[in-house]
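Peer 1: Sequence and predicted structure, then a few things I'm wondering about:
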Amino acid sequence: MNIYDLSRGSHHKHIAIGLGLLVIAMLILKGGAGGTVFSSWRGESQAAAEPGLVGEAAQVGQTGQGDTLIAPPGISSDEPWGNPVVAPLVVMTQGYGVGSHAPAESWGAIDLAVDGDGDGSADPAGSWGAPVRATMSGIVRVSADTWPAGNHIWVIGEGYKTGYAHLQSFAVQDGQYVERGTVIGTVGSSGSSSGPHLDYQVWHNEVNQNPLNYHPLP
Ligand SMILES: [Zn+2]
């Protein structure tokens, strides 16, 4: 072996290391792109976990179950209306456009959980497994185990779509047509979530809307 051979061996080693780094970089990039394919939910890059019910759940508003999904005349069936969480007392644990819901144009949503024992704040025992209803009619898009939305459902109509994140289970199948009021799943803590709650989104023509304008908490 002469010096020429040694230097050539070293040169090959550098090429091998370079190729190795390229492969690693491609795998990382592929992983990132794979995450995007995984979910149709907006906001793959959202890092912070949804606050859920760790600690004292902030009560921003509450409502009774009642007939909140019965829309007044003039509200068509494929517009969102009412509260998607079925329970006697529903508490909003994170408001629109704040915390993990900011900025609103990308992350706008409200978090809803159940006050099961009537003490005025949300609690996990009441929230786990509470039925979740579609607030509008449309075609269901089901995505399991996405990040950060966990088990996620879109209900998609002509102009509106509504999003339901962190579900425990699904009660509908991908592609199914549902009416407003149809139970589509149950409240859970799947995905980036620190406790059982529903993250509820409203979009109109791909523009994020404040769900509070659609009477989830009358
Ligand atoms: Zn949320």
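Peer 2: It's in. Numbering: from 1, shown residues only.

Peer 1: Which strand runs longest in the chain?
Peer 2: Counting residues, the longest strand in the chain under DSSP state E turns out to be strand 160-170.

Peer 1: Now for whichever residue of the chain sits closest to the ion, how many residues are close by?
Peer 2: Residue of the chain nearest the ion, by CB to the ion: D199 (3.3 Å). For the C-beta atoms, the positions are set from N, CA and C on the backbone; glycine is no exception. Residues contacting D199 under the criterion other CB atoms under 10 Å number 29.

Peer 1: lowest-confidence helix or strand of this protein?
Peer 2: Lowest on mean pLDDT, DSSP states H and E among the helices and strands of the chain sits helix 3-38, with a mean of 45.

Peer 1: If we ignore the residues flanking it in sequence, what's nearest the residue of the chain closest to the ion?
Peer 2: Counting by CB to CB, 6 or more residues apart in numbering, A165 is the residue found nearest to D199 once chain neighbours are left out, at 3.8 Å.

Peer 1: Also V207?
Peer 2: Nearest non-adjacent residue to V207, counting by CB to CB, 6+ apart: E105, 7.7 Å away.

Peer 1: Now that neighbour. Its backbone dihedrals?
Peer 2: Taking degrees, to the nearest 10, you get phi -70, psi -20 for the backbone angles of E105.

Peer 1: V140 too?
Peer 2: Dihedral angles for V140 - degrees, to the nearest 10 - are phi -90, psi 130.

Peer 1: so what are the domain limits for the chain?
Peer 2: Here the domain parsing of the chain from automatic domain parsing is 1-38, 62-214.

Peer 1: quick one: which of these is nearest A49?
Peer 2: Closest to A49 of the domains of the chain is domain 62-214 (CB to CB; 4.6 Å).

Peer 1: average model confidence for the closest one?
Peer 2: Averaging pLDDT along domain 62-214 yields 93.

Peer 1: circling back: where's the residue nearest to D199 relative to G120, distance?
Peer 2: Computed with CB to CB, to the nearest Å, the distance linking A165 and G120 is 25 Å.

Peer 1: And those two? Which one has more around it.
Peer 2: Each of A165 and G120 has its neighbours counted (other CB under 10 Å); A165 has more, 29 against 11.

Peer 1: so how far is S76 from the more buried one?
Peer 2: A165 is 25 Å from S76, where distance means CB to CB.

Peer 1: cool, and N151?
Peer 2: For N151, the distance to S76 - CB to CB - is 28 Å.

Peer 1: out of those two, which sits in the more crowded spot?
Peer 2: Set N151 next to S76 and count neighbours by other CB under 10 Å: N151 wins out with 22 against 14.

Peer 1: hang on, I139 in a helix?
Peer 2: No: I139 is assigned strand when assessed by DSSP: H, G, I helix; E, B strand; the rest coil, not a helix.

Peer 1: what about the closest residue to it other than its chain neighbours, neighbour count?
Peer 2: Leaving aside its sequence neighbours, I139 sits nearest to I156 (CB to CB, 6+ apart; 5.1 Å). Neighbour count of I156, defined by other CB under 10 Å: 18.

Peer 1: give me phi/psi at I156?
Peer 2: Per degrees, to the nearest 10, the backbone of I156 is at phi -120, psi 120.
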